[in-house]
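Trainee: all I have is the shape, not the residue letters:
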């Protein structure tokens with residue numbers, strides 16, 4: 001079993017320019033003046049090569065996402081990181097490329113994508129794929145084929161428990177996000193009547209289990225529970241399950257559309273309470289759809305605010321994003337994708353010229369403490385999750401996210 005991740009409450013985020021890596025891992029070159037464009041993915045790779053996706057001058061990654069704000073943001077962030085690295089010659093002479101396919105948050109389509117990645121594209125590793133149900137569906141295939149799964153966009157516990165030697169997580173878990181919210185409500189706001197609402201799929205159930213466990217650490221149970229079917233806004237019945245209990249706070253575990261619907265209906269029906277949601281829903285669309293009714297809604301994040309210009313990782317990311325596409329949107333998802341791309345490059349660099357999947361995974365699993373421009377990651381024995389960072393944000397009257405505090409610090 002993997003060791004449990006422990007939360008520590010802090011009130012500040014460390015800042016300052018730091019090296020890309022610490023320890024014995026080789027340094028990865030960053031962009032300079034002689035920039036070259038990111039190469040297009042080569043789908044005619046040598047079929048006789050020893051390691052799929054690796055040639056003398058290229059490493060090919062695959063990504064399966066839904067083409068929405070999350071998936072597109074992750075893709076843009078990874079490509080910005082690869083463009084940054086490739087502009088200085090790549091890693092150990094190899095350029096990094098990404099093939100991204102749409103799975104529409106459908107496990108069956110995700111399985112078709114992984115089949116194509118294996119049979120046609122001959123990818124080296126999966127990088128930055130999103131969706132708990134879709135990642136769960138393809139995981140057995142990646143285990144059987146020995147394909148590394150790097151920085152999946154999900155905080156589900158099944159990726160953090162058991163002997164998953166091919167998975168390297170980047171972000172904090174849903175369990176940590178919900179634990180941080182419950183701790184904040186109990187310790188900072190002295191709230192005791194907490195209701196839960198979640199969507200009935202692998203993602204929602206994972207967050208719900210984490211929230212129930214978090215409440216039990218305070219000898220509490222949810223005052224009410226509501227659930228709804230994924231990809232639907234018909235959640236009035238879930239609201240009716242919650243409203244009679246008059247909760248002081250409601251923790252919403254779902255994608256942004258039903259979260260928006262829930263909050264709007266609650267406001268219409270006079271349910272005056274505090275709403276908290278997790279990072280999956282805490283995006284730009286939540287701000288836009290809630291409009292003036294969003295002020296006072298809280299959302300946990302696992303990445304720093306992209307407006308936090310005192311964070312070195314944010315400054316580096318924004319420079320890389322502008323160099324890749326000056327019109328690309330900087331948001332939580334593209335920042336997470338960027339860090340994922342940088343993390344993948346760390347593993348490749350450590351293997352030098354003799355790159356294979358085993359060395360790549362081992363180099364990250366044994367990396368201990370990594371410092372990517374101030375964003376700290378720590379791996380080790382029985383610990384395949386790099387960051388524990390959880391940030392609490394609140395929507396202000398100006399319709400923007402504002403930091404409340406850092407609930408859980410990253411690796412130290």
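Mentor: Right, received. Where do you want to start? Everything quoted here is computed from the prediction, not taken from an experiment.
Trainee: please make it C-alpha for all contacts and neighbour counts, starting now.
Mentor: Noted.
Trainee: now do the residue found closest to residue 200 once you drop the neighbours it is linked to in the chain: how many residues are near it, please.
Mentor: Closest residue to residue 200 apart from its sequence neighbours, by C-alpha to C-alpha, 6 or more residues apart in numbering: residue 229 at 5.3 Å. For residue 229, the neighbour count with other C-alpha atoms under 10 Å is 14.
Trainee: likewise for residue 187?
Mentor: Residue 187 is flanked by 11 other residues according to other C-alpha under 10 Å.
Trainee: quick one: it from residue 407, how far?
Mentor: The spacing between residue 187 and residue 407, counted by C-alpha to C-alpha, to the nearest Å, is 12 Å.
Trainee: for residue 335, give me the backbone phi and psi.
Mentor: phi -70, psi -40 (degrees, to the nearest 10).
Trainee: isn't the residue nearest to residue 200 right next to residue 202, touching?
Mentor: No: applying C-alpha atoms under 8 Å, one finds residue 229 not in contact with residue 202, separated by 11.4 Å.
Trainee: what is the burial count for residue 289?
Mentor: 15.
Trainee: which stretches of the stretch 51-200 of the chain aren't confidently modelled?
Mentor: Applying pLDDT under 70 to the stretch 51-200 of the chain flags the ranges 162.
Trainee: go with 90
Mentor: 161-164 (pLDDT under 90).
Trainee: where exactly do the strands run in the stretch 101-250 of the chain?
Mentor: Secondary structure of the stretch 101-250 of the chain by DSSP state E, counting those that start in this stretch: the strands cover 125-127, 149-150, 167-168, 194-199, 224-228, 249-253.
Trainee: packing partners of the second one?
Mentor: Right, the one you point to is strand 149-150. strand 125-127, strand 167-168 (3 or more C-alpha pairs under 8 Å, 6 or more residues apart in numbering; DSSP states H and E).
Trainee: repeat that for 6 Å
Mentor: Judged by 3 or more C-alpha pairs under 6 Å, 6 or more residues apart in numbering; DSSP states H and E, strand 149-150 is in contact with strand 167-168.
Trainee: try the third one
Mentor: Strand 167-168 makes packing contacts with strand 149-150 when contacts are defined by 3+ C-alpha pairs under 6 Å, 6+ apart.
Trainee: in its sheet, what does the strand it packs on sit against?
Mentor: When sheet partners are counted by DSSP bridges, strand 149-150 sits next to strand 125-127 (parallel), strand 167-168 (parallel).
Trainee: between those, which gets nearest to residue 331?
Mentor: strand 125-127 (18.4 Å; C-alpha to C-alpha).
Trainee: got the contact list for the closest one?
Mentor: The contact list for strand 125-127 (C-alpha atoms under 6 Å, 6 or more residues apart in numbering) reads 61-63, 147-150.
Trainee: mind listing the helices for this protein?
Mentor: Assigned by DSSP state H, the chain shows helices spanning 69-86, 107-116, 132-145, 174-187, 202-216, 236-242, 256-268, 284-290, 312-324, 332-351, 357-365.
Trainee: okay, those helices in JSON lines with distance to residue 250 next?
Mentor: Compiled in JSON lines, the helices of the chain are given as follows (distance: least, C-alpha to C-alpha, whole Å):
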{"stretch": "helix 69-86", "distance to residue 250": "24"}
{"stretch": "helix 107-116", "distance to residue 250": "29"}
{"stretch": "helix 132-145", "distance to residue 250": "22"}
{"stretch": "helix 174-187", "distance to residue 250": "10"}
{"stretch": "helix 202-216", "distance to residue 250": "11"}
{"stretch": "helix 236-242", "distance to residue 250": "9"}
{"stretch": "helix 256-268", "distance to residue 250": "10"}
{"stretch": "helix 284-290", "distance to residue 250": "16"}
{"stretch": "helix 312-324", "distance to residue 250": "31"}
{"stretch": "helix 332-351", "distance to residue 250": "23"}
{"stretch": "helix 357-365", "distance to residue 250": "37"}
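Trainee: so in terms of bridging, what pairs with residue 252?
Mentor: residue 197, residue 277.
Trainee: for it, give its distance to residue 168.
Mentor: 27 Å.
Trainee: comparing the two, which shows the higher neighbour count?
Mentor: residue 252 (29 against 25).
Trainee: hang on, isn't the more buried one packed against residue 278?
Mentor: No: if you go by C-alpha atoms under 6 Å, residue 252 and residue 278 don't touch, sitting 7.2 Å apart.
Trainee: what is the burial count for residue 209?
Mentor: Quick note: residue 209 (other C-alpha under 10 Å) scores 14 neighbours.
Trainee: can you tell me the closest non-neighbouring residue to it?
Mentor: Using C-alpha to C-alpha, 6+ apart, the closest residue to residue 209 is residue 175 (7.6 Å).
Trainee: right, and the one you found touches residue 210 too?
Mentor: Yes: counting by C-alpha under 6 Å, residue 175 touches residue 210, with 4.2 Å between them.
Trainee: contacts for stretch 352-368?
Mentor: Residues contacting stretch 352-368 (C-alpha under 6 Å, 6+ apart): 51, 92, 347-348, 378-380.
Trainee: apply 8 Å and report the result again.
Mentor: Contacting residues not belonging to stretch 352-368 are listed as 25, 51, 54, 92, 124-125, 146-148, 165-166, 168, 346-348, 350-351, 377-381, 383-384 [C-alpha atoms under 8 Å, 6 or more residues apart in numbering].
Trainee: care to break the chain down by domain?
Mentor: 58-171+305-387, 174-301 (automatic domain parsing).
Trainee: right, and the helices of the chain - which one's nearest residue 391?
Mentor: helix 174-187 (8.6 Å).
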